[in-house]
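Undergrad: Here is my input, please return the structure:
(chains A and B)
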2 protein chains.
Amino acid sequence: MSSSYSAPLTDIRFVLYDVLGADAVFEKLGLTEASRDMLDAVLDEAARFSETMLAPLNGPADEEGCSYDKTTGAVTTPAGFKQAYQHYVEGGWTGLSAPVEYGGQGLPYTVGTLLNELLTASNLSWSNYPLLTHGVVEALTQHGEDWQKEVFLKPLIAGRWGGTMCLTEPHCGTDLGLLKTRAKPNADGSYSVTGTKIFITGGEHDLTENIVHLVLAKLPDAPAGAKGISLFVVPKFKVSRDGVMGERNAVHCGALEHKMGIKASATCVMNFDDAQGYLVGQANKGLYAMFTMMNTARLGVGVQGIGLSERAYQNAVSYARERLQSRSPGGAKYPDKPADPIIVQPDVRRMLLNIKSLLEGSRVLALFAALMVDVSQHSKDPEERQRADTLVAFLTPISKACQTEWSVANTYDAQQCYGGHGYIRENGMEQLVRDARITTLYEGTTGIQALDLIGRKTAQSQGAGIKLFLGMIEAFCEQNADNAALAEFIDPLRQKAEEWSELTLKIMQRVPQNPDELGAASYDYLFYSGYIVLAYWWARSVAAADASSHSDAFKRTKRDTARYYYARILTRTLTHKAILDSGAELLMAMDEERFDAR
Amino acid sequence: MSSSYSAPLTDIRFVLYDVLGADAVFEKLGLTEASRDMLDAVLDEAARFSETMLAPLNGPADEEGCSYDKTTGAVTTPAGFKQAYQHYVEGGWTGLSAPVEYGGQGLPYTVGTLLNELLTASNLSWSNYPLLTHGVVEALTQHGEDWQKEVFLKPLIAGRWGGTMCLTEPHCGTDLGLLKTRAKPNADGSYSVTGTKIFITGGEHDLTENIVHLVLAKLPDAPAGAKGISLFVVPKFKVSRDGVMGERNAVHCGALEHKMGIKASATCVMNFDDAQGYLVGQANKGLYAMFTMMNTARLGVGVQGIGLSERAYQNAVSYARERLQSRSPGGAKYPDKPADPIIVQPDVRRMLLNIKSLLEGSRVLALFAALMVDVSQHSKDPEERQRADTLVAFLTPISKACQTEWSVANTYDAQQCYGGHGYIRENGMEQLVRDARITTLYEGTTGIQALDLIGRKTAQSQGAGIKLFLGMIEAFCEQNADNAALAEFIDPLRQKAEEWSELTLKIMQRVPQNPDELGAASYDYLFYSGYIVLAYWWARSVAAADASSHSDAFKRTKRDTARYYYARILTRTLTHKAILDSGAELLMAMDEERFDAR
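TA: The predicted model follows:
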């Protein structure tokens, strides 16, 4: 009923220790509890939990889905979810990277990212419940008043309560300035929140005693648009300022959405009818508070892409090695068998290597971005914090959009390796494709990430992010200028970096003449950049493998995969560049009516 | 519960009459019944039937699916399917392009292709039932004995009986040489067929009185492998040589597959237990007979890609024009509305124009291939027949693989235009994505089409097909050498054609040194070729529009779409060429074990 999964600990440790030297970074940051022994132990335990508790539930839970009781508004998660959640809570996972003062373990954000990959790969639907709670913890930690932290953070971090982010409304998603949910102040300092929110992940479920909603709404006197949005905390069961859980609040799940995938993740319509809530942070600054949280949520969704790709890859390789069909083009490789396994076919290898090279490169990118989050939060050097912060801001849209779009492509390729059997539900591959599909839509579509990269993160910041990243590439190329073993990667990488720099300038110069140029370039600029970013990480991966104590086979495999990446993936930049050179006019020429004359 | 659909008759007629001059071709072939009046009437009626009877069933039937009765082995199609099928039969559609002598209307194959696009767009699941029957009619017409034609063709063409193709077995799909189903001769000249077939579309259902299975099986003395396969006709209810339907035959549906999509299309496991059948064509030549049928089935699946893309496009355009969110980058275009429709966004237009340019180009390619089928069957000139046959053989893998892969991309882009709402079942877009996914798998995966193109249709035929197509491009470029209005397309088209020719030779020269080179190049060679083929049809479309009596807006739209195609789609050949230049070694370097060290 499902695909199998085994946590890729060898590759994860290689990225963590050999490529990124994360253990040394943590030590330098004073995060001494995150020692290599501790990290290894966390990884082993997380692997055991994910593989044994979550992965087997993935297929059955997709078949069963969540159920909704119209009379009570209650949502029941699929069989096994609650039990797995109890184990998760008992294992202390809910507070892994949460603040120690509220009961968390205070481990680095990067460790949470490692956990996220394993949970996602095992069971994306299930993993969304703790992921959203984690987002709420982060927002309240940064923006909550002291009493709010005291009252809400402890049960959230302990896993007794869950959390949600309530942004979207039926008529607005990207453009939150249009939202209609209202909050009016009460005499006791609380607010009455009224409105309808949709697409609320974990809006209602049976995993926790209480659910804490973070809700965007407008105050009576709020300015129009995005500058008039405030953030409120609205619990399912009312909570007094001294932390006592009281009566049911006027927030209810009105319906569950029927979706293409992540069917075991409750996606709720939430109705607020004068529900009691409290303002979080400053009035009318809610969007700002929400965005600080959304940035790491976006990195989290990017990691979901890696988890899904890994699971798809593992199953595709197994199938390709077992399925006997036809002979190798050069003649039988297994003459004693009725046919050769399809992995001897070049085109099957093409699909596997597409996945492998995108997936392993993405893992480095994602863990580097996570590490920069830790540096930006824990470094004692303000300049280093600033630099890390700029890199996180720059890499977030690339990581989110590329890793999720690649996960769509990767699960597609993996399914294709199965031929017709990939279309059959029992084999589990089609679920991965359906589940992956949400990742390019939620937490900002790919188009929104693309605009974020080229607009806010490049044009509006005078290229601060790309300059830093180009500096990293240049430094690496300098360091390895005489490294003959790396020359095959260094030369094309240096050329691509120069091209990237020039192309970025060229696009920016076109913008003043035509404001559509940014949007017209956005998608291709995002992927063009993403492929170059990954080329850097692949070159670094080969260098790190060579310098490591890994086996020769491991080193050769990294090199072979990097070669594949440079020849058959990085070359996608040729097309993106040609498109970027073609400008906006081609997109804007047609009147709106002309699109639908059929 | 579903997406909407309106048959794109304006564009279909433009392709049929203005680009391809199909009416004149039919007249020259002596297919005088296929006059323009007749074609127009068929299109109008087919549109009415598809839009009103089939399209509204598409969503509900996906929700309901087919059901299977374990006790009786009976399969029930979703509500409305049987009624729609009765209307289809009564309308005479089942025999549209079938031979007149067996009750068909004898209209050209091209007309069947037009119908297929409309049926598919309306309801892919439903359309598979008549599509498979059509394949059986074709195979029996070409390979059946006279009594078999007499007995089987009439009820099949009249729509009273349905048909299936039984090829795949659990352990073999692509490599049919491995099949295990056996047929032993009986004293009365019939055969007893025993074995299990899987993935049998329409293997059991409630639409027709009888179902005629064409089954690949091995005779007792058959040579090993693909040269020992014979074709048998095995009806669900036994049929005597004088056409009397008798008792139930020993062929039963053992299960329905649970699939990602096309849930209303019954995909059956079929068990044959000494089922009575008759040999079709020569013993041990069954694969040959099956392949003649499969070629047009592949063109048919290619057309499915167009139908799905069209429906996805129409809905995405409607949504993009209605959904109000944010403002145009250059400032509000609809200041009286709370926000602008998202179609003002360049990146939304990118997605719509991707679909539009691939879809409309594909329609020309598919209808040209269909027209060549008619020429190959009806021309009095043997040289012209041969030429048409070569073009059909060459274009079949391109048409099948590109149009289906593009339909996956197109439905994806259309869904993406909806943002999160695209993931919700009620909006119907996710069904199109799930349904489209089967088209790149059945009737030979994309990888199989790619091998067919570069192997059988190019290397093994000394490039007969590409030479003819290059000749068409050259002739068109010559004719328009002085046409200034077309120069923007003619120049790059000529360059790409030269490059295609040279690149093909280069690849062929590498093959003798390494037999893996064909497989390593196959996928990228297929798409590289497909994009150039479409560039030719786009240039022809602009020329045809300019010369037509269509409105200026129509002409400008064709030109704008062609410009988009040349700048933003044809440029994908840059990447494919770079990959084709990189050779097979990159794919073959890794040992099989090294793929799964994680």
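
Undergrad: how about the residues of the stretch 51-200 of chain A near chain B?
TA: Taking CB under 8 Å from any CB of the partner chain, the part of the stretch 51-200 of chain A that reaches chain B is made up of A:168, A:171-175, A:178, A:199. Where C-beta positions appear, they are placed from N, C-alpha and C, glycine not excepted.

Undergrad: let's see it at 10 Å
TA: Selection of the stretch 51-200 of chain A residues close to chain B by CB under 10 Å from any CB of the partner chain yields A:63, A:168, A:170-178, A:198-199.

Undergrad: closest to A:Gly471 among those residues?
TA: A:Thr174 (32.5 Å; CB to CB).

Undergrad: what residues are up against the residue in the stretch 151-300 of chain A that chain B sits nearest to?
TA: Closest residue of the stretch 151-300 of chain A to chain B, CB to the nearest CB: A:Met260 (3.7 Å). Applying CB atoms under 10 Å, 6 or more residues apart in numbering or on different chains to A:Met260 gives the contacts A:433-435, A:437-438, A:441, B:260, B:415, B:422-425, B:429-431, B:433-434.

Undergrad: and if you look at A:Leu352?
TA: A:313, A:316-317, A:320, A:343, A:413-414, A:417, A:564, B:587, B:590, B:595-596.

Undergrad: With secondary structure added, can I get those residues in CSV?
TA: Output for the contacts of A:Leu352, formatted as CSV (DSSP: H, G, I helix; E, B strand; the rest coil):
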residue, secondary structure
A:Tyr313, helix
A:Ala316, helix
A:Val317, helix
A:Ala320, helix
A:Ile343, helix
A:Asp413, helix
A:Ala414, helix
A:Cys417, helix
A:Tyr564, helix
B:Leu587, helix
B:Met590, coil
B:Phe595, helix
B:Asp596, helix
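
Undergrad: ok, is stretch A:497-511 in contact with chain B or not?
TA: Yes: using CB under 10 Å from any CB, stretch A:497-511 reaches chain B at A:Val511.

Undergrad: Just the buried positions in that stretch, please.
TA: A:497, A:500-501, A:503-504, A:507-508, A:510-511 (16 or more other CB atoms under 10 Å in any protein chain shown).

Undergrad: looking at chain A, which residue ends up farthest from its center?
TA: The C-alpha centroid of chain A is most remote from A:Asp336, which lies 45.6 Å away (CA atoms, centre = their mean).

Undergrad: As a check, name the ranges of all strands in chain A.
TA: A:67-68, A:75-76, A:161-166, A:182-185, A:191-201, A:210-217, A:230-235, A:237-239, A:245-248, A:251-256, A:267-280 (DSSP state E).

Undergrad: Any buried residues in the last one, and which?
TA: Of the residues in strand A:267-280, A:267-272, A:274-280 count as buried by neighbour count, 16+ other CB under 10 Å.

Undergrad: so which of the residues you listed also contact chain B?
TA: A:Thr267.

Undergrad: mind putting the buried residues of strand A:267-280 in TSV, pLDDT included?
TA: Formatted as TSV, the buried residues of strand A:267-280 follow (pLDDT from 0 to 100):
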residue	pLDDT
A:Thr267	98
A:Cys268	98
A:Val269	98
A:Met270	98
A:Asn271	98
A:Phe272	98
A:Asp274	98
A:Ala275	98
A:Gln276	98
A:Gly277	98
A:Tyr278	98
A:Leu279	97
A:Val280	97
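
Undergrad: What is the most widely separated pair among the buried residues of strand A:267-280?
TA: A:Thr267 and A:Leu279 (26.7 Å).

Undergrad: quick one: low-confidence ranges for chain A?
TA: A:1 (pLDDT under 70).

Undergrad: List buried residues within the residues of the stretch 51-200 of chain A next to chain B.
TA: A:168, A:171-178, A:198-199.

Undergrad: What does the residue farthest from the centre of chain A show for phi and psi?
TA: Note on A:Asp336: backbone dihedrals following degrees, to the nearest 10 are phi -80, psi -10.

Undergrad: Please work out how many residues are found near the closest residue to A:Leu574 other than its chain neighbours.
TA: The shortest distance from A:Leu574 to any non-neighbouring residue, by CB to CB, 6 or more residues apart in numbering or on different chains, is to B:Leu574 (4.0 Å). For B:Leu574, the tally of surrounding residues (other CB atoms under 10 Å in any protein chain shown) stands at 19.

Undergrad: quick one: A:Thr390 and A:Gly471 touch, right?
TA: No: with contact defined as CB atoms under 10 Å, A:Thr390 does not reach A:Gly471; the gap is 11.1 Å.

Undergrad: still on that earlier bit, check contacts around the residue nearest to A:Leu574.
TA: By CB under 10 Å, 6+ apart, the contact list for B:Leu574 reads A:571-579, B:528.

Undergrad: hang on, the earlier thing: same list, the buried residues of strand A:267-280, but as TSV with distance to A:Ala98 please.
TA: TSV is the format used below for these (distance: CB to CB, whole Å):
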residue	distance to A:Ala98
A:Thr267	25
A:Cys268	25
A:Val269	29
A:Met270	25
A:Asn271	30
A:Phe272	27
A:Asp274	32
A:Ala275	26
A:Gln276	26
A:Gly277	23
A:Tyr278	21
A:Leu279	23
A:Val280	17
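
Undergrad: Pick the one among the buried residues of strand A:267-280 closest to A:Tyr68.
TA: Checking the buried residues of strand A:267-280 against A:Tyr68 with CB to CB, the nearest one is A:Cys268 at 8.5 Å.

Undergrad: what does stretch A:380-394 rub up against?
TA: Here stretch A:380-394 has contacts from A:28-30, A:295-296, A:299, A:368-379, A:399, A:452-453, A:456-458, A:461, A:463-469, A:471-472, A:529, A:533, using CB under 10 Å, 6+ apart.

Undergrad: which of those are buried?
TA: Among the contacts of stretch A:380-394, the ones that count as buried by 16+ other CB under 10 Å are A:29, A:295-296, A:299, A:368-376, A:378-379, A:399, A:452-453, A:457-458, A:463-466, A:469, A:529, A:533.
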